[in-house]
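Trainee: Let me see the structure of the following:
(one chain, ligands or ions: 1)
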Amino acid sequence: MFVYMDHTATTPTSPEVLEAMMPYFGEKFGNPSSVYSFSKLSREAIEKARSQVAGALNADPKEIFFTSSGTEADNWALKGTLEKAKSKGKNHLITTQIEHHAILHTAEYLHKFEGVDVTYLPVDSEGFVSVEDVKNAITDKTALVSIMFANNEVGTIEPIAEIGALCRERKIPFHTDAVQAAAHLKIDVKAMNIDMLSMSAHKMYGPKGVGAFYLRKGVNPENFMHGGGQESHRRASTENIAGIVGFGQAMEILQGRLEADKALNSARRDKLIAGILEKIPHAKLNGATGDKRLPNNVNFSFIGVEGETLLLDLDAKGISASTGSACSSDSLDPSHVLLALGLKHEMAHGSLRFTLGRLTTDEHIDYLLEVLPEIVARRRAMSPLWEDYIKSQGEN
Ligand SMILES: *Cc1c(COP(=O)(O)O)cnc(C)c1O
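Mentor: As a prediction, the model looks like this:
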């Protein structure tokens, strides 16, 4: 059995999306910037996708710009805003300790090479940022607040509308990395007072290598990609037309099934969580519960074992899961997100993330609940860390 439990790392491009994309690899290859009528087919395809994405967010199509990835959209928001704000004497960025590396490493770059002061807000034990903390961090030097919509490792959904209202009131641009959230939640950029928002197609059953950046009319960060006049002179480079078409199609399909997917995913998520808690002793759920957690996210720590080892054991049983972040799988540092939630290193090391989606079936959940307890028990039986832990429990 092939059990794919890593929909947060990426999703399969859906067949309908692929079908919509195919002509733009083939006969409809025209450069949208050319003048002849053949190239109009490419232009029209891009504008249709722009409307599909804008419609889903309650944005104007003119406020949507296609990029090469979610990472590029994040880079644009941070570098474009902070570099431009420098001339106005503003050099302060507020973000959180639990952002994706696309934000964290960009913030580190800005600190190192542009002298930007960065405030990394802490989170509570479930991963929530406090709106009060955001308020208290704002100074007259603050150029941007960037707080992720939902966390990719533990699934915690942040109070984005409240932070948006606060930033709007204080007239500070507000960016949110919604790469994960957009795949599961209804987002209304107007109602939520969002100024900039990043998305990525491959996290929502579209192709890899295409992102979208929502930029509210009147908010003008410096461009990130310099070159030709594509995307209304805001993002240079010949458009990835097939990718953009795929993004639009994926976004439209997603909107039609958002509620049904949410119900199905969260029922399975809660069954998996309850099953693990029931069958595996000393298992700790990381993150929030219910509506404040992404409907497809399950993240556990199992004291006494290494997450990386469990992943290999699971893989041998046909199950693809993650320790949290695909981007850090080649490093042995524990997850910065789990540490920010207050987990000790040994707990953070023993964590696994299962993320559900369109490939998940009820049988997959049952199979995982059958296999995982055995794997954890076997690894614990040979773990000195587990032995110490149990002893310490007995002493207490
Ligand atoms: C995947 C992801 C990104 C990066 O998106 P890419 O399109 O893969 O560059 C950024 N932020 C979050 C929260 C993500 O999950």
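
Trainee: Just the pLDDT for Met1.
Mentor: For Met1, the model assigns a pLDDT of 88.

Trainee: what residues are up against the residue in the stretch 201-350 of the chain that the ligand sits nearest to?
Mentor: The ligand sits closest to Gly211 of the stretch 201-350 of the chain, with a gap of 5.1 Å, by Cβ to the nearest ligand atom. Using the backbone N, CA and C atoms, a C-beta is placed for each residue, glycine as well. For Gly211, the contacting residues are Phe66, Thr67, Ser68, Ser69, Gly70, Thr71, Glu72, Ala73, Ser198, Met199, Ser200, Ala201, by Cβ atoms under 8 Å, 6 or more residues apart in numbering.

Trainee: Just the mean pLDDT for the helix ranked longest in the chain, thanks.
Mentor: Scanning the chain for the helix with the most residues, using DSSP state H, yields helix 241-279. Taken as a whole, helix 241-279 has a mean pLDDT of 98.

Trainee: Just give me the closest of the contacts of Gly211 to Pro221.
Mentor: Closest approach between these and Pro221, by Cβ to Cβ: Ala73, at 10.9 Å.

Trainee: That closest one: neighbour count?
Mentor: Counted with other Cβ atoms under 10 Å, residues neighbouring Ala73 total 30.

Trainee: Pull up the gap between it and the ligand, please.
Mentor: 8 Å (Cβ to the nearest ligand atom, to the nearest Å).

Trainee: Which other helices and strands does the helix or strand harbouring that residue contact?
Mentor: Using DSSP states H and E, Ala73 maps to helix 70-85. Applying 3 or more Cβ pairs under 8 Å, 6 or more residues apart in numbering; DSSP states H and E, we find helix 70-85 packed against helix 101-114, strand 142-146, strand 174-177, strand 196-200, strand 211-215.

Trainee: who's in contact with the most centrally placed residue in the chain?
Mentor: Nearest to the geometric centre of the chain sits Gln180, at 3.3 Å (Cα atoms, centre = their mean). Gln180 makes contacts with Thr8, Met148, Phe149, Ala150, Asn151, Asn152, Gly155, Lys203, Leu294, as judged by Cβ under 8 Å, 6+ apart.

Trainee: any idea how far it lies from Val219?
Mentor: Applying Cβ to Cβ, to the nearest Å, the value for Gln180 to Val219 is 23 Å.

Trainee: got it, and Pro159?
Mentor: Pro159 is 21 Å from Val219, by Cβ to Cβ.

Trainee: hmm, back to that, which members of the contacts of Gly211 are the farthest-apart pair?
Mentor: The span of the contacts of Gly211, defined through Cβ to Cβ, is set by Phe66 and Thr71 at 13.8 Å.

Trainee: So for those two, which sits in the more crowded spot?
Mentor: Phe66 (26 against 21).

Trainee: ok, for that one, nearest residue in space, not its chain neighbours?
Mentor: Ile244 (4.9 Å; Cβ to Cβ, 6 or more residues apart in numbering).
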